[in-house]
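In: Return atomic coordinates for the entry below.
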Amino acid sequence: MQFAQENDLYLVKLNDGEDLLESLKQLASSSEAKCFAILCGVGMLREVKLGYFVGDGKYDITEFKEPMELISLQGNLVRKEDGEFVVHAHVALADKAKNLHGGHLVRGIVHNTNEIILKAFRSIEAIRKRDPKSGLLALCL
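Out: Residues are numbered from 1 along each chain as shown. Have a look, this model is predicted:
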């Protein structure tokens, strides 16, 4: 992973074989920022798992092994009560036939490269707590 920072904006380049979600958590943990917005991301992913929320904290997971174009990535990084960052990201991906697939990103390994722009927030107090109604780790402000 490489990144450049200007004020609260980060330009991130991930390399082939890196775990997208783990790399973002690593970057966030090394920062003094309290949370981040994932403004955009493009590139390619492989070994992708996409989730569709079905209730009670559970997701219907679909796996895609072959590389796909990362058309769009957005979301956020917010800490849980234990201090660990959680990545909440949604993606749009195109397969070789140019069919579009989208959903909650559960896993993705960088294929070739990813280029991502993050916005850091240094004073917003946000945390993720388990919502008893949905079972989700909900954003709390």
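
In: residue boundaries of the helices in the protein?
Out: 20-29 (DSSP state H).

In: tell me, what residue is most central in it?
Out: residue 89 (3.8 Å; Cα atoms, centre = their mean).

In: pLDDT at that one, what is it?
Out: Per-residue pLDDT puts residue 89 at 98.

In: is it in a bridge, and if so with what?
Out: With DSSP bridges applied, residue 89 shows beta-bridge pairing to residue 75.

In: wait, it sits on residue 74?
Out: Yes - the pair residue 89 / residue 74 is scored as a contact, 7.0 Å apart, by Cβ atoms under 8 Å. In short, each C-beta sits where N, CA and C put it, glycine included.

In: can you list residues touching both of those two?
Out: residue 38 (Cβ atoms under 8 Å, 6 or more residues apart in numbering).

In: ok, which stretches of this protein are strands?
Out: Assigned strands in the chain, in chain order: 2-6, 9-15, 35-55, 58-64, 68-79, 85-94, 100-121, 127-130, 137-140 (criterion: DSSP state E).
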